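> this is a predicted model, with the sequence first.
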Amino acid sequence: MPIDTKERLKIPRQKMPEQDPRARATNFEQVNYGFTLELAQLEASRCIQCKKPTCIPGCPVGIDIPGFIKLIEVGDFIGAARKLKEKNCLPAICGRVCPQEIQCETPCVLSKKGRSVAIGHLERFAADYEREQGEVLIPPRPKPSGKMVAVVGSGPAGLTAAGELAKMGHEVTIFEALHKPGGVLIYGIPEFRLPKAVLMAEVDYVRQLGAEIECNAVIGKRETVDELLASGYDAIFLGTGAGLPNFMGIPGENLNGVYSANEFLTRSNLMKAYLFPEYDTPIVRGKNVAVIGGGDTAMDAVRTAKRLGAKNAYIVYRRSREEMPARDEEIHHAEEEGIEFRLLTLPKRILGNDTGWVVGMECLQMKLGEPDESGRRRPIPIEDSEFVIEVDTVVVAIGTGANPLVPRTTPGLETNKWGNILVDEATGQTSRRGVFAGGDIVRGGATVILAMGDGQRAARAINEYLRS
Amino acid sequence: MNLILEKRELAPQACLFVVKAPRIARKARPGQFIILRPDERGERIPLTIADSNPERGTITLVVQEVGKTTARLGRMQKGESILDLVGPLGQPSHLEKFGTVVCLGGGFGIAAIHPIAKALRELGNWVISIIGARKKELLIMEEEMRLASSRLLIATDDGSYGRPGFVTDAFKDLLEEGIQTDYCIAIGPVPMMRAVCKITEPLEIKTVVSLNPIMVDGTGMCGACRVTVGGKTRFACVDGPDFDGHQVNWDELVKRQGIYLEAEKLAMEMFLHPEGACHRRGEGDAH
């Protein structure tokens, strides 16, 4: 029975069931359980199906958002998943990790009248439903174009580019340096936020679209970009991702017990150090852990520290909560799990004992001044406000530099002063003919979905390049 | 993939493996390393490429059993495959005609110094190699080093072979002979490399060392392998592993190498005694 708009607007935004915060702070199982069928249909019926949808331009990959939501509302969940996959090879991942609140959900007209449609939750629901029902449909292989494309890196940018290129009929090989595919999705994002089984199912989907994945293949070392081109690849997409971690440059950062977020998360996620000694890779299980930074990576690290048994797990961030770049949901979840936020706090030095282990961190109290070039209010140190937080582990999550392996070995590939590859924004084309790039190696440090948008745009540009 | 074609015992608890890895073999240069993971629950560890043969498509690895992963490798046999193997990683050693070069290899560092000595000699250097071990039966690759060097000196700590003492003692003898040294490379345990640098620094002999800090990805992503060189943080996996030995912060390196000693002990014990290990967990010294 059709419902009118007025009635739709009366339905409150549905909340996704979650694991109890106290229980989940001690395990690595998924935090959110996902919508039930009933909740999903109810939430979907909140969408008023705008004639000119304002949500779609907010999506970096241009998903037909009202289209897939309508299908959920009418109970065609498989159809909804397939609608998503027209534009997005990795919907179960995006439904979990995209910052919808700053993308598709902000421009939703309902956000003006209350709360936007839970687009992200619905995306996750449809993708999970399709996978759990075993109904994943592999589109028929198109006529081969006879062209070969090498994709370097199997993170969100690479997987998306590879999936799209395969759908266009090109022969695609993904080269991954690590021993498992997924890039940041496997080494960075924890199990409790993105289960490896969900990730692997979507990686398999990309494989079934026709892309081959070769792990343990480090491009820039084992083969250079020029060698790939000479060996028959007609085009290359570089999605090599985050490079070496940034440190603050304060004393004590090389003490034992100080990690970069990349190392801390790689040990726990990719290497499964949280299961040591069942798995061989160890990790320091701190009792008092400070994570420096305010992004999603910092939230992942601090919540991992808590789950590894930290009594006190702190976020140390130099600005205030309003300026934190992390997704609202992650900050909220972290708070629920008992993470302490030390805001307006700037680490000055990390203190060690004589065996080289961390025993504390000296910080300065900050206050907010005028807005800086990023538009956020600039933090200013308050004089003589030094104080010490007692910690035995520090995780630095303040971003990453560019991975040098490909730029160093590819003559003529232009980079900026930080080493990020320069590209034409519309196409992802680099300064080298036939070589395209996207994701964090270009952007420096952004989100999964922006990397996927880059992969999708580059795939279209590569297709045009190969067919012209 | 990564098939073990040959396995040879070099010394008690030390093996040489020849592994099929054609694409790594084609690219490997002296000084570079690989990262491997023996099995699904295994750790990633770096190992120096001791030799590579592009024609046969093989690389040679020398494994000393010091922890669980290396002990696990030590039990692998010809015909088995290493699950994951990635490389070549790191910067190749800087090679040119320096004149007289002293190559010092301590313990299993001899496996790492061997391809460098060989390449330096091929470039026309006068290569004096000094190799050493705790005792004669632990000394590896003597014949290979003799072939790779213009002159070979040997030292053992217990005096069971060659000059009694450390490789640094043999090096001091050499310097007392009045040999003009233009360049020096030292690879081995940290105390040995550090002792070599202590000798060469006042003499202003350029000395390169190959560092082996803890690594995870080994491809410039995680930052585990940071070392302080000349007061700056450098990453051994992409900036190294070779560094100017006179600039290295050795104290920090030694401390950082010990981060997981307790965990390593536990893992090793559980590997050797899978039955009873749970009971002894956390009790400290297992012996």
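Good, I have the coordinates. Numbering: from 1, shown residues only, chains lettered A, B, ... in the order given.

> apart from its chain neighbours, what residue comes closest to the residue of the stretch 151-300 of chain A found nearest chain B?
Ranked by CB to the nearest CB, the top residue of the stretch 151-300 of chain A for proximity to chain B is residue A:282, at 3.5 Å. In short, each C-beta sits where N, CA and C put it, glycine included. Nearest non-adjacent residue to residue A:282, counting by CB to CB, 6 or more residues apart in numbering or on different chains: residue B:263, 3.5 Å away.

> now do residue A:333
Using CB to CB, 6+ apart, the nearest residue to residue A:333 is residue A:31, at 5.9 Å.

> does chain A have contacts with stretch B:3-14?
No. Counting by CB under 8 Å from any CB of the partner chain, chain A is not contacted by stretch B:3-14; separation bottoms out at 14.2 Å.

> one step back: ok, the residue of the stretch 151-300 of chain A closest to chain B to residue B:189 distance?
Distance, residue A:282 to residue B:189, using CB to CB, to the nearest Å: 22 Å.

> between these two, which has more neighbouring residues?
Neighbours per residue, other CB atoms under 10 Å in any protein chain shown: of residue A:282 and residue B:189, the larger number sits with residue A:282, 21 against 13.

> pretty sure the residue nearest to residue A:282 sits against residue A:279.
No. Using CB atoms under 8 Å, residue B:263 is not in contact with residue A:279; the gap is 11.4 Å.

> okay, these two: which has more neighbours?
Applying other CB under 10 Å to residue B:263 and residue A:279 shows that residue B:263 carries more neighbours, namely 20 against 17.

> A helix includes the more buried one, no?
Yes. If the criterion is DSSP: H, G, I helix; E, B strand; the rest coil, then residue B:263 is within a helix.

> what's near enough to touch it?
A:276, A:277, A:282 (CB atoms under 8 Å, 6 or more residues apart in numbering or on different chains).

> before we move on, what about residue A:131?
Residue A:131 makes contact with A:92, A:198, A:201 under the criterion CB under 8 Å, 6+ apart.

> most neighbours, which of these?
When neighbours are counted by other CB under 10 Å, residue A:92 leads these with 28 neighbours.

> spatially nearest residue to that one, not counting backbone neighbours?
Leaving aside its sequence neighbours, residue A:92 sits nearest to residue A:127 (CB to CB, 6+ apart; 3.7 Å).

> so the one you found: helix, strand or coil?
Assignment for residue A:127 (three-state DSSP): helix.

> again with residue B:17
Classification of residue B:17 by three-state DSSP places it in strand.

> residues near it, how many?
24.

> ok, it to chain A distance?
Distance from residue B:17 to chain A, counting by CB to the nearest CB, to the nearest Å: 17 Å.

> near chain A, which residues of the stretch 151-287 of chain B?
Residues of the stretch 151-287 of chain B lying close to chain A (CB under 8 Å from any CB) are B:216-217, B:219-224, B:226, B:228, B:233, B:235, B:238, B:252, B:255-256, B:258-260, B:263-264, B:266-267, B:270.

> give me the phi and psi angles of residue B:36.
phi -130, psi 160 (degrees, to the nearest 10).

> hmm, who's touching the lowest-mean-pLDDT helix or strand in chain A?
Lowest on mean pLDDT, DSSP states H and E among the helices and strands of chain A sits helix A:110-113, with a mean of 82. Residues outside helix A:110-113 that contact it (CB under 8 Å, 6+ apart) are A:9, A:46, A:48, A:105, A:116, A:117.

> ok, and for that helix, which residues are buried?
Buried positions in helix A:110-113, judged by neighbour count with 16 or more other CB atoms under 10 Å in any protein chain shown: A:110, A:111.

> then that helix to CSV, C-alphas only?
C-alpha atoms of helix A:110-113 as CSV (Å, rounded to 0.1, in the frame of the first residue of the first chain):
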residue,chain,number,x,y,z
LEU,A,110,15.3,14.9,5.3
SER,A,111,18.4,16.2,7.1
LYS,A,112,16.8,19.7,7.0
LYS,A,113,13.6,18.4,8.6
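
> so what's the closest residue to residue B:259 other than its chain neighbours up against?
Counting by CB to CB, 6+ apart, residue B:259 lies nearest to residue A:256, which is 4.9 Å off, once chain neighbours are set aside. Contact analysis of residue A:256 by CB under 8 Å, 6+ apart lists A:284, A:352, A:355, A:356, A:357, A:358, B:255, B:256, B:258, B:259.

> so where do the helices sit in the stretch 151-300 of chain A?
For the stretch 151-300 of chain A, helices defined by DSSP state H, counting those that start in this stretch occupy the ranges A:156-167, A:184-187, A:196-208, A:225-230, A:261-268, A:296-307.

> next one, pLDDT for residue A:468 please.
Looking at residue A:468, its pLDDT reads 85.

> where does the prediction get shaky in chain B?
For chain B, residues meeting the criterion pLDDT under 70 lie at B:276-287.

> ok, back up a step: the residue nearest to residue A:92 - how many residues pack around it?
For residue A:127, using other CB under 10 Å, the count is 30.

> hmm, residue A:98 and it touching each other?
No. Shown here, residue A:127 and residue A:98 do not form a contact pair, counting by CB under 8 Å, at 11.9 Å.

> how about the residue nearest the centre of chain B, nearest residue that isn't a chain neighbour?
Compute the mean C-alpha point of chain B, and by CA atoms, centre = their mean the closest residue is residue B:109, 3.9 Å away. Taking CB to CB, 6+ apart, and ignoring the residues beside it in sequence, residue B:109 has residue B:188 as its nearest neighbour in space, at 3.2 Å.

> ok, that neighbour - contacts?
B:104, B:105, B:106, B:107, B:108, B:109, B:110, B:167.

> cool, and residue A:327?
By CB under 8 Å, 6+ apart, residue A:327 lies in contact with A:99, A:101, A:296, A:299.

> buried only: go through the residues you listed for me.
The neighbour count (16+ other CB under 10 Å) marks A:99, A:296, A:299 as buried among the contacts of residue A:327.

> which stretches in chain B count as helices?
Counting by DSSP state H, chain B has helices at residues B:22-27, B:68-74, B:109-122, B:142-148, B:167-176, B:190-203, B:236-239, B:250-257, B:261-272, B:277-280.

> wait, the residue nearest to residue A:333 touches residue A:190, no?
No. At 9.5 Å, residue A:31 does not count as touching residue A:190 under the criterion of CB under 8 Å.

> for the stretch 51-200 of chain A, what lies in contact range of chain B?
Residues of the stretch 51-200 of chain A lying near chain B by CB under 8 Å from any CB: A:177, A:178, A:179, A:187.

> out of everything not next to it in sequence, what's closest to residue A:276?
Nearest residue to residue A:276 in three dimensions, chain neighbours excluded: residue A:282, at 5.1 Å (CB to CB, 6+ apart).

> just the contacts of helix A:110-113: which are in helices?
Using DSSP H, the subset of the contacts of helix A:110-113 located in helices is residue A:9.

> are any of the contacts of helix A:110-113 buried, and which?
Listed as buried from the contacts of helix A:110-113 are A:46, A:48, A:105, A:116, A:117; burial here means 16+ other CB under 10 Å.

> what two of the residues you listed are the furthest from one another?
Using CB to CB, the two most remote members of those are A:48 and A:105, lying 14.3 Å apart.

> pLDDT below threshold where in the stretch 251-400 of chain A?
Per-residue confidence for the stretch 251-400 of chain A (pLDDT under 70) gives no ranges below the cut-off.

> how about the residues of it near chain B?
Near chain B, when you scan the stretch 251-400 of chain A using CB under 8 Å from any CB, you find A:253-257, A:259-260, A:262-263, A:266-267, A:271-272, A:276-282, A:284, A:355-356, A:400.

> ok, of those residues, which come out buried?
Buried subset of these (neighbour count, 16+ other CB under 10 Å): A:253-257, A:259-260, A:262-263, A:266-267, A:271-272, A:276-277, A:279-282, A:284, A:356, A:400.

> before we move on, the earlier item: contacts only, for the residue nearest to residue A:333.
The contact partners of residue A:31, by CB under 8 Å, 6+ apart, come to A:18, A:19, A:24, A:192, A:193, A:333.
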